[in-house]
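Q: structure, please.
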Amino acid sequence: MQELKNGRARFGWSGPGSDLRRIKEISSSQRTSNEKVTWRYTQFLMKRLTVGDRLVVQLKRPLRQFLIAEVTGEYGSTDPEMDDFNHYVECRLLTNDYIRVDSQMVSQQLRHHLSKRGQYYEIYNSDALDNLERIEKISREGGEEFEKLNQEGNAALFASQALEEELIKKAYERISQKWPSAHFEGFVKELIESMAGVEVKKAGDSGKGWDLTIKILDPFDGSDLLDDIPVQCKNYQGNVKTEKPIDDLIRCSRNSKSNYAYLFIMGDISKSFKVSFDMRMEETKQVLGRDIEWRMIGQEEIAKLYLKKLNALT
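A: Model prediction:
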């Protein structure tokens, strides 16, 4: 918050050696794995943002409040000053205080767009953009009107959202306990078989890094789009403190002709695990000389798929 007040919006994925101006001058084939991962997640700071753009800034998860800023200058970096958040964009705050997502000021349309997941995304919807402009105006004027409109105005909606989050959490906790490692592969097999356009081709420990292979079908004629895709199943409780799943993904890519591999994993995934996941995927691409893509399906996504499966049965 203090950095925003000082005119800088900071962004992560930016430890020492991550200045995008320097990485940009290196050809993609010559970049290190760390540089490739940094560029993938943060290049939009240089390529997409221009002076005058608005930034909706979220400082905590889950999203309960936000700020609005305007881009006033170019990308910069304090590399290697800090271990993270060295990227910054010059900006000025347009809202004088946090805006509550559940407030009367925030329309349902804007709330829908703010709920999207991702490192960043652009809001195009004209109604949502108009609502952001109105929020800016009310915030600048401040006073009793702002205080009044920034109070809770959608209690029922957020009670519903809180209930959904609780159901998802209880679902993945129950899955983790009910289907321990020895049986988790069978659970994932049944889960995949409940999904339209995906078929389990072969189940059972391959000895090559994967527990299942699947094929993905064309939604129009049912023909195979992708075949023999390896799937790895891991069930951990609490923090995932090992990189064995990543080791096994490397084995999957080495022993399979598929460019894709999926990891279904229970447990709390740290940022360091995600960084290692991406970096080691880039290293595997270089070693094998082909365009490898790994996809990680975490416990929240697994729980949602399971709840969807149950809903389809009722």
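Q: which stretch of helix or strand covers I216?
A: In the assignment (DSSP states H and E), I216 maps to strand 212-217.
Q: tell me the average confidence for that strand?
A: Strand 212-217 carries an average pLDDT of 94.
Q: and for stretch 167-181?
A: 92.
Q: quick one, strands of this structure?
A: 8-11, 54-57, 65-77, 87-93, 99-100, 198-203, 212-217, 224-239, 260-268, 293-297 (DSSP state E).
Q: tally of neighbours for I216?
A: I216: 15 surrounding residues under other CB atoms under 10 Å. (Glycine included, C-beta is placed from N, CA and C.)
Q: how near is it to E243?
A: According to CB to CB, to the nearest Å, I216 and E243 sit 27 Å apart.
Q: and for C233?
A: C233 sits at a distance of 16 Å from E243 (criterion: CB to CB).
Q: R290 now?
A: R290 is 22 Å from E243, by CB to CB.
Q: same check, this time on I175
A: Distance of I175 to E243, computed by CB to CB: 23 Å.
Q: of the two, which one has the most company?
A: More crowded of I175 and E243, by other CB under 10 Å: I175, with 19 against 15.
Q: correct me if wrong: the more buried one contacts E300.
A: No: assessed by CB atoms under 8 Å, I175 is found out of contact with E300, at 11.0 Å.
Q: which residues touch the residue nearest to L20 when sequence neighbours are not counted?
A: With CB to CB, 6 or more residues apart in numbering as the criterion, L20 has its nearest non-adjacent residue at 5.3 Å, and that residue is M46. Contacts for M46 (CB atoms under 8 Å, 6 or more residues apart in numbering) come out as 20-21, 24, 75.
Q: can you redo those as JSON lines with pLDDT, neighbour count and distance to I229?
A: Shown next, in JSON lines, are these (pLDDT from 0 to 100; neighbours: other CB atoms under 10 Å; distance: CB to CB, whole Å):
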{"residue": "L20", "pLDDT": "96", "neighbour count": "23", "distance to I229": "33"}
{"residue": "R21", "pLDDT": "96", "neighbour count": "12", "distance to I229": "38"}
{"residue": "K24", "pLDDT": "95", "neighbour count": "12", "distance to I229": "34"}
{"residue": "Y75", "pLDDT": "96", "neighbour count": "20", "distance to I229": "37"}
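Q: and the contacts of the strand holding I216?
A: 185, 188-189, 192, 197-204, 206, 223-231, 233, 262.
Q: now it: buried residues?
A: 212-215, 217 (16 or more other CB atoms under 10 Å).
Q: give me the sheet partners of that strand and which way each runs.
A: strand 198-203 (antiparallel), strand 224-239 (antiparallel) (DSSP bridges).
Q: so which of these comes closest to V56?
A: strand 224-239 (30.1 Å; CB to CB).
Q: summarise which helices and strands the lowest-mean-pLDDT helix or strand in the chain is packed against.
A: Every helix and strand in the chain was compared by mean pLDDT, DSSP states H and E; the lowest is helix 155-178, with a mean of 82. If you count contacts as 3 or more CB pairs under 8 Å, 6 or more residues apart in numbering; DSSP states H and E, helix 155-178 packs onto strand 224-239, strand 260-268, helix 299-313.
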